[in-house]
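Participant: build me a structure from this.
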Amino acid sequence: MKTQCRLALVLLGLSPLSVWAATHYVALDSPNPTSPFLTWATAATDIQDAVGAAGAGDEIMVTNGVYAPVTVDAPLTVQSVNGPDVTVINGGGTARCLYLTSNAVMVGFTLTNGVGTYYGSGGGVICESTSAVLSNCVLTGNSGGGAYGGTLNNCALTGNLAQNGGGAESCTLNNCALTGNWGNYGGGASFCTLNNCTLTGNSAIRAGGANECILNNCTLTGNSAPRSFGGGAGGSTLNNCTLTGNSAGEYGGGGAALCTLNNCMLTGNSATNSGGGGAEDGTLNNCTLTGNSAYNGGGAGGCTLNNCIVYFNSATNGNNYDPSSALNYCCTTPLPATGVGNITNAPLFVDQANGNLRLQSNSPCINSGDNAYVVGSTDLDGNPRIVGGTVDMGAYEYQTPTSIISYAWLQHYGLPTDGSADYADLDGTGMNVYQDWIAGLNPTNALSVLQMTSAAPTNNAAGLVVSWESVSGIMYFLQSSTNLAGHPAFTTIQSNIVGQAGTTSYTDTTATNAGPYFYRVGVGN
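Facilitator: Residues are numbered from 1 along each chain as shown. The predicted structure is shown next:
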């Protein structure tokens, strides 16, 4: 009897068309450069030669040396062995250092002495799209800008220049340092998104640090726009950023101009004209402006400020803000002529002398802002933005409040801030202290109440005029009913009624027959 054996060959996870990524090598002193440069012994002496021999997805390893400019026109990874200190691509003052196509990656190089167009096309590198990535690279001494396009991670951009974005233009930058770059518009960066970056000592005619950028969790220090505006930033949106020691010229905004700032701290900035901290139609929400200086409006000039602390700033003509600024729910002095919710109490920082501008446990700024102006879910420390139900004034949120009521309001009426009085009815009106605060009433005065006034006969063909005792600036809603036994008994007929001092009235145009009509009023939208 014969036994037949059959052998089966099983291939797991592979197909006849599978392509393995290859690694190619580059060394200036290669003894035998032989394409496709698959060993150190046969390494290319020029990066461009290795790029030409590589296919999509391949990796190129480059050892120490100074190399000629490179065009990476395929989705490759080009990586140095020992980092940017010893691996350099030099443009020679005549050419761009690097072109990087989409999905190509460059890791660990210095790009220097490159030349792009003056208007900013990346003398160091130009990238086809933001999917082109540079990591752990140094871009220094390039003209026409350090980088254009692309995503830069953990890179340093220093001493580059261009008309737009001396350091970078139209890039996404993560954990990068931009230092000593120059441009007409945006010495550090222009039209970029910057995350967790530092911008230091950059300068421009307009917007020394960043021009028309989005900055998240960034620090801007010592940037300048000596001939225009926006020493730190101009025309930008800044979220959870710190701006310190920046300066601007005649159009103002030492820290920022024409910007929107949320949860930011502005200290020690200066302007020749207006707005040492912020100026030129800027909007600041939950920011702290302290120790800034200018000729007019040491903290802010021509800005809208909400939930901000604007205190201890100086100006030749006026102090914290100029009269053209609009402030709501801010801690400042003097009290603005217009705006609502402002207080003049000193903010009580933890340690102002040493730069700790967080709030003490008894700060009047705790719970004293307006939630409608909150942007973002975290404060400058990365902690929850609203704790205790109502946002604090300033860039930092106090994390362990003991009352849910505005500390400034409680202190005004001599009430404790430990929460013990929050739900007490101190004046016998049937409303507790928390309800009095919401309604803008005096919790120690029984005559200060929210109530309808006595109805008066009227022949008004347009309807009934309903009136109630009110407080200026409080928002009311009015409800009506013709049948108290109905379900629901009341329906809202008007919301967002702005209260007037003393009495507020509303004409119910639906009440045109004999009735009956019943009304009630409440606080809120």
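Participant: so what's the residue count around the residue nearest to Leu415 when sequence neighbours are not counted?
Facilitator: Distance criterion C-beta to C-beta, 6 or more residues apart in numbering; nearest residue to Leu415, sequence neighbours excluded, is Ala421 at 4.8 Å. To be clear about C-beta, it is placed using only N, CA and C from the backbone, and glycine gets the same treatment. Using other C-beta atoms under 10 Å, Ala421 has 18 other residues around it.
Participant: now do the same contact list for Ala421.
Facilitator: 403, 410, 415, 433, 443 (C-beta atoms under 8 Å, 6 or more residues apart in numbering).
Participant: nearest to Cys330 among those?
Facilitator: Here the nearest of the contacts of Ala421 to Cys330, counting by C-beta to C-beta, is Leu410; it sits at 18.4 Å.
Participant: and the closest one, how close does it get to Ser363?
Facilitator: 12 Å (C-beta to C-beta, to the nearest Å).
Participant: repeat that for Asn313.
Facilitator: Between Asn313 and Ser363 the distance, using C-beta to C-beta, works out to 18 Å.
Participant: residues in contact with stretch 121-132?
Facilitator: Under C-beta under 8 Å, 6+ apart, the answer for stretch 121-132 is 91, 96-106, 111-112, 114-116, 134, 139-140, 142-151, 157, 160, 162, 169, 171-172.
Participant: residues of it that come out buried?
Facilitator: The neighbour-count check on stretch 121-132 (16 or more other C-beta atoms under 10 Å) flags 121-128, 131-132 as buried.
Participant: okay if I get those residues as TSV plus secondary structure?
Facilitator: Shown next, in TSV, are the buried residues of stretch 121-132 (DSSP: H, G, I helix; E, B strand; the rest coil):
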residue	secondary structure
Ser121	coil
Gly122	coil
Gly123	coil
Gly124	coil
Val125	strand
Ile126	strand
Cys127	strand
Glu128	coil
Ser131	coil
Ala132	coil
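Participant: and these, which two are furthest apart?
Facilitator: Gly123 and Ser131 (21.4 Å).
Participant: does Phe477 touch Ile497 like I think?
Facilitator: Yes - assessed by C-beta atoms under 8 Å, Phe477 is found in contact with Ile497 at 6.8 Å.
Participant: could you give the bridge partners of Leu464?
Facilitator: Asp508 (DSSP bridges).
Participant: pull the number of nearby residues for it.
Facilitator: Count around Leu464 with other C-beta under 10 Å applied: 19.
Participant: same thing with Ser270?
Facilitator: 23.
Participant: correct me if wrong: it contacts Gly291.
Facilitator: No - the pair Ser270 / Gly291 is not scored as a contact, 9.7 Å apart, by C-beta under 8 Å.
Participant: for Leu284, what are phi and psi?
Facilitator: Main-chain torsions, Leu284, degrees, to the nearest 10: phi -120, psi 120.
Participant: check Asn371 too.
Facilitator: As for Asn371, its main-chain torsions (degrees, to the nearest 10) stand at phi -60, psi -20.
Participant: how about Ala439?
Facilitator: Backbone torsions of Ala439, given as degrees, to the nearest 10, read phi -90, psi 0.
Participant: over to the one 5 residues further on?
Facilitator: Per-residue torsions, Thr444: phi -110, psi 10 (degrees, to the nearest 10).
Participant: go on, Asn354?
Facilitator: According to degrees, to the nearest 10, Asn354 has phi -110, psi 20.
Participant: what's the neighbour count on it?
Facilitator: By other C-beta under 10 Å, neighbour count at Asn354 equals 8.
Participant: repeat for the one 4 residues further on
Facilitator: The criterion is other C-beta under 10 Å. On that basis, Arg358 has 18 neighbouring residues.
Participant: check which helices and strands the strand or helix carrying it sits against.
Facilitator: Element membership for Arg358, per DSSP states H and E: strand 356-359. In terms of contacts (3 or more C-beta pairs under 8 Å, 6 or more residues apart in numbering; DSSP states H and E), strand 356-359 is packed against strand 349-351.
Participant: isn't Ile309 right next to Gly394, touching?
Facilitator: Yes - counting by C-beta under 8 Å, Ile309 does reach Gly394; the two are 4.0 Å apart.
Participant: between the two, what contacts are shared?
Facilitator: 287-288, 331, 347, 357, 365.
Participant: CSV for these, including distance to Thr77?
Facilitator: Shown next, in CSV, are the shared contacts of Ile309 and Gly394 (distance: C-beta to C-beta, whole Å):
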residue, distance to Thr77
Cys287, 42
Thr288, 43
Cys331, 52
Pro347, 51
Leu357, 44
Cys365, 50
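Participant: how's the chain carved up into domains?
Facilitator: Following automatic domain parsing, one finds the domains of the chain at 19-196, 205-418, 464-523.
Participant: what's the least confident stretch among those domains?
Facilitator: The weakest mean pLDDT among the domains of the chain belongs to domain 464-523, with a mean of 89.
Participant: now do that domain: distance to the chain's middle.
Facilitator: 41 Å (C-alpha atoms, centre = their mean, to the nearest Å).
Participant: for that domain, how far is the first residue from the last?
Facilitator: This stretch, domain 464-523, spans 21 Å end to end (C-alpha to C-alpha, to the nearest Å).
Participant: next one: stretch 62-71
Facilitator: Using C-alpha to C-alpha, the two ends of stretch 62-71 sit 15 Å apart.
Participant: same check, this time on stretch 229-249
Facilitator: Note: stretch 229-249 ends 6 Å apart using C-alpha to C-alpha.
Participant: how far away from the center of its chain is it?
Facilitator: The answer for stretch 229-249 is 11 Å, by C-alpha atoms, centre = their mean.
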